[in-house]
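A.B. asks: The sequence and its predicted three-dimensional model are supplied below.
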Amino acid sequence: MSPARDLPPATGAWREGDPPGHRQFLTVPGELRLEAGGSLPGYRVAYETWGKLNSDASNAVLIEHALTGDSHAAGPAGPGHPSPGWWDGLIGPGRALDTDEVFVVVPNILGGCQGTTGPSSPDPDGKPWGSRFPRLTVRDQVVAEAALADALGIERWALVLGGSMGGMRALEWAVGLPARVDALLVVASTAAASAEQIAWAAPQLHAIRSDPGWRGGDYYDAAPGEGPHVGLGIARRIAHVTYRSEPELSQRFGRHRQAPGDDRYAVESYLDHHADKLVRRFDANSYLLLTESMNDHDVGRDRGGVGQALSRVTARTVVAGVDSDRLYPPYQSRDLAAGIPTAGEAAVISSPYGHDSFLIETPQLSALVKSLLG
Ligand SMILES: CC(=O)SCCNC(=O)CCNC(=O)[C@H](O)C(C)(C)COP(=O)(O)OP(=O)(O)OC[C@H]1O[C@@H](n2cnc3c(N)ncnc32)[C@H](O)[C@@H]1OP(=O)(O)O
Ligand SMILES: N[C@@H](CCO)C(=O)O
């Protein structure tokens with residue numbers, strides 16, 4: 001992280017008492033038994049909605065955010081929402097997800113840090129879970145979202161869509177609960193995390209865990225600036241390089257220095273900036289937990305393998321990869337599409353921006369959404 005100008009608190013998580021912004025909350029009582037063992041004694045899901053659910057609940061669309069996303073997919077930044085909506089260009093009247101027609105639901109992921117129960121949330125005794133928070137899988141996260149769908153009266157989603165880790169949850173919905181998904185859009189994602197993806201995650205996990213400020217995961221009472229910001233910032237720098245493409249970095253930054261008197265290479269300054277922003281809005285324990293959920297993602301586990309699992313999908317499906325994505329290379333989307341009986345050939349998003357293109361290439365994403373919603 002660049003030398004702290006003003007020190008962030010110990011965690012960038014949304015906390016009780018912070019402005020709720022556009023969030024709504026569902027509390028789900030009772031024990032949630034987890035795929036990897038252990039349980040949660042109830043949990044809360046923070047979510048946002050746009051548009052109106054129609055009388056037969058047939059117009060609901062579920063959007064799944066990626067690793068450091070949250071429920072704020074549309075709308076401006078403001079109290080409770082440090083960043084503007086990450087898919088704002090897709091959602092709203094006249095847009096691909098036309099909120100005069102569809103009811104859009106975006107939950108914050110279980111294990112996250114923006115209002116849904118995660119390691120920074122209070123346990124039943126009111127103390128932050130910290131190191132005691134259990135390991136979660138993508139399947140557990142979808143179980144929590146199914147409880148939200150039930151509470152909202154949504155039996156079937158007209159469309160479930162997401163990119164990257166959001167694509168993992170979208171896929172898990174279509175495989176695990178096929179009768180509840182009419183259409184599916186998976187962008188820049190995979191049926192199972194690859195060795196390469198787990199490898200890129202490894203130094204990120206180490207960076208956080210080796211930060212003395214992490215304190216084994218129990219840092220929530222630390223003074224401002226004394227949380228695991230350095231480790232989380234290093235993790236973000238490593239990750240962010242994988243989110244962009246080599247030609248883009250080369251063309252944008254070349255070998256330029258940042259500025260007279262600032263000796264950093266411009267690309268170093270760019271990574272510093274993204275690290276600095278993340279540590280102010282994210283929680284290091286959630287970053288660890290969600291990264292491990294992605295590592296554990298294998299839609300074929302205990303289902304007879306990936307091929308058997310994908311054959312369960314009945315939703316009209318589009319799978320799309322990004323031609324410059326070095327983290328989720330296009331072959332993973334091609335394999336996914338080939339395995340899903342209701343998918344055609346994988347679509348290609350053409351972009352210089354690498355993996356992050358699923359957040360950037362709005363016109364291409366809009367066309368894919370429209371092709372599924374008709
Ligand atoms: C579903 C989800 O995943 S939600 C999470 C998505 N959001 C994020 O990941 C937040 C981090 N942001 C990003 O990853 C990207 O900004 C995206 C994908 C959202 C958008 O990509 P782009 O529009 O191409 O933005 P880009 O990567 O160029 O970053 C722009 C920022 O870098 C800054 N920047 C650019 N060059 C430099 C430099 N040399 N030194 C310092 N800062 C720099 C810009 O000022 C800008 O800052 P701001 O975001 O604070 O306004
Ligand atoms: N920029 C995205 C990429 C991960 O897929 C995120 O931070 O969630």
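C.D. replies: Yes, it's here. Numbers count the residues shown, from 1 in each chain. Ligands and ions are numbered 1, 2, ... in the order given.

A.B. asks: Please make it C-alpha for all contacts and neighbour counts, starting now.
C.D. replies: Fine.

A.B. asks: what about the residue nearest to L161 when sequence neighbours are not counted, is that helix, strand or coil?
C.D. replies: Distances taken as CA to CA, 6 or more residues apart in numbering place L185 nearest to L161, at 4.6 Å, with adjacent residues excluded. Of the three states, L185 takes strand according to DSSP: H, G, I helix; E, B strand; the rest coil.

A.B. asks: so what's L185 bridging to?
C.D. replies: L161, V318 (DSSP bridges).

A.B. asks: if I pick it, what's in contact with it?
C.D. replies: 159-162, 167, 170, 317-320, 368-369, 372 (CA atoms under 8 Å, 6 or more residues apart in numbering).

A.B. asks: Alongside ligand 2, which residues does the stretch 1-150 of the chain contribute?
C.D. replies: 66-69 (CA under 6 Å from any ligand atom).

A.B. asks: Repeat that for the stretch 201-350 of the chain.
C.D. replies: Y243.

A.B. asks: Now the stretch 201-350 of the chain against ligand 2: closest residue?
C.D. replies: Per CA to the nearest ligand atom, Y243 is where the stretch 201-350 of the chain lies closest to ligand 2, at 6.0 Å.

A.B. asks: ditto for the stretch 251-374 of the chain
C.D. replies: Taking CA to the nearest ligand atom, the stretch 251-374 of the chain has D356 as its residue nearest ligand 2, at 5.6 Å.

A.B. asks: Now do the nearest residue to F133 once chain neighbours are set aside against D125, distance only.
C.D. replies: Excluding the flanking residues, the one nearest F133 by CA to CA, 6+ apart is P119, at 5.4 Å. Using CA to CA, to the nearest Å, P119 is found at 14 Å from D125.

A.B. asks: quick one, what contacts R139?
C.D. replies: Going by CA under 8 Å, 6+ apart, R139 touches 35, 169, 172.

A.B. asks: Over to stretch 316-335 now: how far is its first residue from its last?
C.D. replies: 17 Å.

A.B. asks: Show me the contact partners of stretch 300-315.
C.D. replies: Residues contacting stretch 300-315 (CA under 8 Å, 6+ apart): 174-175, 178-179, 181-184, 191-192, 298-299, 336, 339-342.

A.B. asks: follow-up on the earlier one: the residue of the stretch 201-350 of the chain closest to ligand 2 and N285: what is the separation?
C.D. replies: Y243 is 21 Å from N285, by CA to CA.

A.B. asks: Run through the residues of the stretch 1-150 of the chain next to ligand 2 and flag the ones next to ligand 1.
C.D. replies: 66-69.

A.B. asks: now the residue nearest in space to the middle of the chain, what's its secondary structure?
C.D. replies: Nearest to the geometric centre of the chain sits A66, at 1.7 Å (CA atoms, centre = their mean). Secondary structure, three-state DSSP: A66 is coil.

A.B. asks: was I right about it contacting G162?
C.D. replies: Yes. Contact criterion CA atoms under 8 Å: A66 and G162 qualify, at 7.4 Å.

A.B. asks: Could you check how far L67 is from P260?
C.D. replies: From L67 over to P260 the distance is 35 Å, taken as CA to CA.

A.B. asks: More neighbours: which of these two?
C.D. replies: More crowded of L67 and P260, by other CA atoms under 10 Å: L67, with 18 against 7.

A.B. asks: Who are the contact partners of the residue lying closest to that one once chain neighbours are set aside?
C.D. replies: Spatial nearest neighbour of L67, chain neighbours left out: M165 (5.9 Å); criterion: CA to CA, 6+ apart. By CA under 8 Å, 6+ apart, M165 lies in contact with 65-67, 189, 294.

A.B. asks: Now do the phi/psi pair for D298.
C.D. replies: Note on D298: its backbone torsions stand at phi -160, psi 100 [degrees, to the nearest 10].

A.B. asks: What's opposite it in the beta bridge?
C.D. replies: With DSSP bridges as the rule, D298 is bridged to A192.

A.B. asks: Do you know the pLDDT at E16?
C.D. replies: Predicted confidence (pLDDT) for E16: 89.

A.B. asks: I figured P84 hits P76, correct?
C.D. replies: Yes. Using CA under 8 Å, P84 is in contact with P76, at 4.3 Å.

A.B. asks: follow-up on the earlier one: name the residue in P119 and D125 with the higher neighbour count.
C.D. replies: Neighbours were counted for P119 and for D125 using other CA under 10 Å; P119 has more, 30 against 7.
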